[in-house]
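*Asks:* Coordinates only, no sequence provided:
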């Protein structure tokens, strides 16, 4: 039946232990017809990870003069994007590890550097510092957004990146 079938299962022959459960049929396939599980997704913004430098030993410095790892985002769209509700992470198990400030904005065509140095207290309106520090040679960077749950917009899995080198899209 479409509502399922109730069954009783005995754990061991002669045992008094039983389990009652309901078996439900899988969702039917729908070749040539509308999907039975269709839903609407909100549009993905034209925002992505452009580049990462996980080990910065002689490149750009933050306003404190530190040579720290960084991630660069790019807005390829025609409109500014508010970064409130967007996140960066260095793992797939906590997609909301570091939240962009609600007032952060990336303009059309802009490239935005975020320092991935584990020093969020150094953040200012013009310079963002994530709460985690990137692994210098092998790691993950994830850009996500809350939209009915956290969804991944872009990611890098980088391996064997030499010092002062970048990995990018």
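*Replies:* Cool, the structure landed. Please read these numbers as outputs of a predicted model, since none were measured by experiment. Residues are numbered from 1 along each chain as shown.
*Asks:* only C-alpha atoms for contact and neighbour calcs from this point on.
*Replies:* Fine.
*Asks:* What ranges in the chain fall below the confidence cut-off?
*Replies:* Applying pLDDT under 70 to the chain flags residues 1-28, 35-39.
*Asks:* Show me where it has its strands.
*Replies:* Per DSSP state E, the chain carries strands over the ranges 5-10, 18-23, 47-53, 70-75, 81-82, 86-89, 98-99, 105-106, 111-115, 128-129, 139-146, 150-158, 167-168.
*Asks:* show me what contacts the closest residue to residue 169 other than its chain neighbours?
*Replies:* The shortest distance from residue 169 to any non-neighbouring residue, by C-alpha to C-alpha, 6 or more residues apart in numbering, is to residue 50 (5.3 Å). Residue 50 makes contact with 71-74, 168-169, according to C-alpha atoms under 8 Å, 6 or more residues apart in numbering.
*Asks:* Which member of those is positioned nearest residue 136?
*Replies:* Distances from residue 136 to the contacts of residue 50, taken as C-alpha to C-alpha, are shortest for residue 71 (12.4 Å).
*Asks:* wouldn't the closest one be in contact with residue 51 here?
*Replies:* Yes - counting by C-alpha atoms under 8 Å, residue 71 touches residue 51, with 5.9 Å between them.
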